[in-house]
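Asker: Pasting the sequence and the predicted model now:
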Amino acid sequence: MTNMKRLAAISASLLTLASCGWLDVSPENTIDEKELFSTGYGFRNALNGIYLELGSPAVYGENLSWGFLSAVAQEYLADGSSIGQNTLAVCRDASGFVYNSTNTQPVIEEIWQTQYSMIANINKILEHIYDLDASAFTYGEDERDMIRGEALALRAMLHFDLLRLFAPSPAASPSGTWLPYREEFSHDVGEKLTVRQFLEKVIRDITEAEPLLRSIDTEFHPEAMYASMMSTPTVSMNARYRFDSSTFIDDTGQFFWFRGWRLNYLALLGLKARVCMYAGQEYHSIARAAAMELYTTYYQDLQWVGFTPQDDITCQIESRHTKMTDDVLFGAYYRNLATDFESMIYGADNSVKLPLANIESLFASDNTGVYEDWRLDYAIAQTNTSEKAWYTLKYNSSSEAVVTSVENPMVPLVRLSEVMYILAELSAEEGNVGQGIEYLETVRRARGAQRSLLTTVSTAEQLMEEIILDARKDFLCEGNMFYMYKRLNIREVPSASESGAVKDMTAGYVLPVPASESPF
């Protein structure tokens with residue numbers, strides 16, 4: 001499919017979802033580029049089309065979350081046991097870093113093609129956004145800046161994840177050139193850049209997007225970022241406003257609401273901290289500034305974001321928030337996520353095809369028994385078979401209204417918990433172990449973790465071990481753990497294929513670029 005047709009197809013699918021006759025799309029799913037970008041509504045549709053594609057199974061709706069990438073991170077059992085043999089073939093291959101099999105090669109190609117296709121469509125938006133006078137947008141310059149800011153932020157995020165997949169991390173001291181950073185629509189592959197050059201462009205796009213999104217989400221329309229219509233907003237209601245604001249929409253209309261499904265300013269701060277931690281030591285001060293703004297202003301002071309309360313986690317399964325989404329700053333939307341996952345995971349005779357690996361050791365790291373932790377007790381379950389298998393409940397469907405509208409279709413992309421881990425890690429770097437423990441304990445308390453760190457953690461090295469351990473629990477089946485291992489250049493992690501053994505991750509950290517190297 002040509003890129004222009006892909007853009008039109010995405011826009012057409014959006015119209016089907018929204019039932020808005022904003023564009024007259026022909027049956028062939030083609031639309032003239034000039035026509036698409038001749039109105040402010042055309043830009044709205046083009047941007048929303050990117051978000052729909054973002055949640056597709058090809059990328060964050062499966063492959064880069066609970067599917068392929070979680071398997072690479074050794075999260076699914078892939079041993080020779082009867083349980084491990086039930087694991088999906090693609091996940092077994094991925095956990096063994098067999099990237100050229102008939103199972104994994106199409107997945108890797110799909111990730112590459114879809115990411116670069118979305119980037120091409122974003123570049124079309126950025127190319128034309130200033131061709132149209134601000135008066136053509138319903139809310140003038142503010143709306144145009146919002147669209148441009150989100151497009152820049154998305155371009156940075158999509159490129160960054162391509163880099164984290166298809167090139168070595170800075171911690172590995174890579175040489176040579178690896179990937180092109182595409183800033184305009186073109187059928188040329190583009191010049192490959194070094195990892196450092198590539199990251200500088202990611203940071204540049206984030207920096208350019210930052211004032212645009214800050215203006216929208218903190219000045220022009222902050223009402224969509226918290227429960228603005230309540231006299232005493234709660235953290236949970238603030239989160240619900242960001243993701244499920246259909247009954248609260250004001251005169252600005254839907255496009256300015258549902259900010260949790262969009263790369264908003266808070267999410268951009270989280271992304272900035274993530275990128276700058278990955279870029280290396282010289283960028284860590286920038287990471288700290290972004291993380292501290294989130295923590296101080298939006299978590300402590302305004303309380304726009306926080307953690308899911310116990311009652312929403314420890315309740316009956318039908319109403320349970322198994323993804324604990326109150327701290328999610330940005331999530332990908334995929335309407336069929338829960339049903340697709342359930343059709344994929346359950347096998348015959350009550351077996352599961354995505355059994356989790358190393359769960360007992362993960363939640364009892366000091367070998368004195370399994371400690372209470374809500375992420376184990378309420379977000380993971382066991383089969384009722386003779387050989388019991390652990391499996392995640394994060395993507396189970398629910399008929400309860402709030403869970404259905406927010407949790408069922410959501411893939412978490414940026415969490416406050418990750419920001420807390422970053423602050424804890426930076427504290428360890430600076431020798432402030434006590435402060436680092438407090439940042440980490442903020443997450444652990446919110447997740448019902450019973451084991452105390454005060455008597456077991458006294459050094460920066462011990463604190464880092466605990467940060468990684470807790471991240472494994474929090475990021476389980478979300479795809480993020482692979483990136484953390486790679487950023488820290490961790491060589492050995494608990495193996496999915498051999499009980500009690502470790503897996504050498506170095507052979508799996510860089511995915512092979514598809515043979516064509518073409519982004520189309």
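Answerer: Yep, it's here. These numbers come from a predicted model, not from an experiment.

Asker: hey, let's count contacts and neighbours off CA atoms from now on
Answerer: Fine.

Asker: pretty sure T104 is touching V90, no?
Answerer: Yes - counting by C-alpha atoms under 8 Å, T104 does reach V90; the two are 5.7 Å apart.

Asker: who are the neighbours in contact with the most centrally placed residue in the chain?
Answerer: By C-alpha atoms, centre = their mean, the chain has its centre lying nearest to L413, at 1.8 Å. Residues counted as contacts of L413 (C-alpha atoms under 8 Å, 6 or more residues apart in numbering) are 328-332, 478.

Asker: how does it look with 10 Å?
Answerer: By C-alpha atoms under 10 Å, 6 or more residues apart in numbering, the residues touching L413 are 60, 64-65, 261, 263, 267, 270-271, 328-332, 478-480.

Asker: Tell me the first helix or strand C-terminal of the one helix or strand it maps to.
Answerer: Assessed by DSSP states H and E, L413 sits inside strand 410-415. Heading C-terminal from strand 410-415, the first helix or strand you meet, by DSSP H and E, is helix 416-429.

Asker: one step back: find residues that contact each of T104 and V90.
Answerer: Joint contacts of T104 and V90 (C-alpha under 10 Å, 6+ apart) are 68, 98.

Asker: re earlier: which of the contacts of L413 has the largest number of neighbours?
Answerer: Neighbour counts for those (other C-alpha atoms under 10 Å) peak at L329, which has 31 neighbours.

Asker: Look at that residue and report its pLDDT.
Answerer: Here, the pLDDT recorded for L329 equals 98.

Asker: do the same with S101
Answerer: On pLDDT, S101 comes in at 97.

Asker: so it, which of the three states?
Answerer: For S101, the secondary-structure state derived from DSSP: H, G, I helix; E, B strand; the rest coil is coil.

Asker: check contacts around the closest residue to it other than its chain neighbours.
Answerer: Closest residue to S101 apart from its sequence neighbours, by C-alpha to C-alpha, 6 or more residues apart in numbering: D93 at 7.4 Å. Counting by C-alpha under 10 Å, 6+ apart, D93 touches 68, 71-72, 78, 87, 99-104.

Asker: Tell me the secondary structure at D93.
Answerer: Going by three-state DSSP: D93 is helix.

Asker: Now stretch 181-197: buried residues?
Answerer: Within stretch 181-197, the residues that qualify as buried are 181-185, 190, 194-196, counting by 16 or more other C-alpha atoms under 10 Å.

Asker: The contacts of L413 in strands, which ones?
Answerer: Among the contacts of L413, DSSP state E puts 328-332 in strands.

Asker: nearest to T314, of those residues?
Answerer: V328 (18.7 Å; C-alpha to C-alpha).

Asker: now that closest one: how far from S285?
Answerer: Distance check for V328 against S285: by C-alpha to C-alpha, to the nearest Å, it reads 24 Å.

Asker: and if you look at L362?
Answerer: Separation of L362 from S285 (C-alpha to C-alpha): 31 Å.

Asker: same deal with N45?
Answerer: Per C-alpha to C-alpha, N45 is found 37 Å from S285.

Asker: These two: which has the busier surroundings?
Answerer: For N45 versus S285, neighbours defined as other C-alpha under 10 Å are more numerous around N45 (25 against 14).

Asker: which stretches of the stretch 201-350 of the chain form helices?
Answerer: Assigned by DSSP state H, counting those that start in this stretch, the helices in the stretch 201-350 of the chain fall at 235-243, 265-279, 284-293, 310-313, 337-345.

Asker: Quick check: the gap between the nearest residue to V457 once chain neighbours are set aside and T455.
Answerer: In space, and not counting its chain neighbours, V457 is closest to L463: 6.0 Å by C-alpha to C-alpha, 6+ apart. From L463 across to T455, the span is 12 Å (C-alpha to C-alpha).

Asker: And for Y346?
Answerer: According to C-alpha to C-alpha, Y346 and T455 sit 41 Å apart.

Asker: Which residue of the two possesses the greater neighbour count?
Answerer: Y346 (16 against 7).

Asker: Show me the shaky parts of the stretch 1-150 of the chain.
Answerer: Filtered on pLDDT under 70, the stretch 1-150 of the chain yields the residue ranges 1-31.

Asker: the strands in it, which residues?
Answerer: For the stretch 1-150 of the chain, no strands are identified by DSSP state E, counting those that start in this stretch.

Asker: V513 against E110, yeah?
Answerer: No - V513 lies out of contact with E110 (C-alpha atoms under 10 Å); the separation is 11.1 Å.

Asker: Please spell out which residues along the top helix by length along the chain are buried.
Answerer: Once the chain is assigned using DSSP state H, the helix that runs over the most residues is helix 140-166. Burial within helix 140-166, assessed by neighbour count using 16+ other C-alpha under 10 Å, is assigned to 142-160, 162-166.

Asker: Which helix or strand lies directly C-terminal to that helix?
Answerer: strand 179-180.

Asker: and the residue nearest to Q303 when sequence neighbours are not counted, how many neighbours?
Answerer: Nearest residue to Q303 in three dimensions, chain neighbours excluded: V235, at 6.4 Å (C-alpha to C-alpha, 6+ apart). Residues lying near V235 (other C-alpha under 10 Å) number 21.

Asker: ok, so what distance separates V235 from A120?
Answerer: 37 Å.

Asker: With S452 instead?
Answerer: Taking C-alpha to C-alpha, one finds S452 at 48 Å from A120.

Asker: Look at those two and report which has more neighbours.
Answerer: Legend: neighbour count by other C-alpha under 10 Å for S452 and A120, higher for A120 (24 against 11).

Asker: re earlier: tell me the buried residues within the contacts of D93.
Answerer: Buried by 16+ other C-alpha under 10 Å: 68, 71-72, 78, 87, 99, 103-104, out of the contacts of D93.

Asker: nearest to W374, of those residues?
Answerer: Nearest to W374 among the buried ones among the contacts of D93: A71, at 22.8 Å, using C-alpha to C-alpha.

Asker: thought that closest one was touching Y99?
Answerer: No - in this structure A71 lies outside contact range of Y99 using C-alpha under 10 Å: 11.9 Å.

Asker: so what sits against both of these two?
Answerer: Taking C-alpha under 10 Å, 6+ apart as the contact rule, A71 and Y99 both touch 90, 93.

Asker: which one is L88 nearest to, not counting chain neighbours?
Answerer: K353 (5.5 Å).

Asker: got it, and D470?
Answerer: Counting by C-alpha to C-alpha, 6+ apart, R444 is the residue found nearest to D470 once chain neighbours are left out, at 7.6 Å.

Asker: which ones are touching that neighbour?
Answerer: Neighbour list for R444: 373-375, 417, 438, 450-453, 470, 474 [criterion: C-alpha under 10 Å, 6+ apart].

Asker: I'd say I437 and A428 touch.
Answerer: Yes - between I437 and A428 there is a contact under C-alpha under 10 Å: 8.8 Å.

Asker: Look at these two and report which has more neighbours.
Answerer: Neighbour count, other C-alpha under 10 Å: between I437 and A428, I437 has more, with 25 against 21.

Asker: V457 versus that one, what's the distance?
Answerer: I437 is 8 Å from V457, by C-alpha to C-alpha.

Asker: Now the common contact residues for those two.
Answerer: With C-alpha under 10 Å, 6+ apart as the test, I437 and V457 both reach 463-464, 466.

Asker: phi, psi of the residue of the chain positioned farthest from its centre?
Answerer: Distance from the C-alpha centroid of the chain, by C-alpha atoms, centre = their mean, peaks at S386 (35.3 Å). When read as degrees, to the nearest 10, the backbone of S386 gives phi -60, psi -40.

Asker: need the contact list for it.
Answerer: Taking C-alpha under 10 Å, 6+ apart, we find S386 in contact with no residue.

Asker: Next one, pLDDT for it please.
Answerer: 78.

Asker: now do N358
Answerer: Looking at N358, its pLDDT stands at 95.

Asker: Tell me the spacing between it and F160.
Answerer: 29 Å.

Asker: who's in contact with the residue nearest to L69 when sequence neighbours are not counted?
Answerer: With C-alpha to C-alpha, 6+ apart as the criterion, L69 has its nearest non-adjacent residue at 5.3 Å, and that residue is G479. When contacts are counted by C-alpha under 10 Å, 6+ apart, G479 touches 60, 62-73, 75, 411-413.
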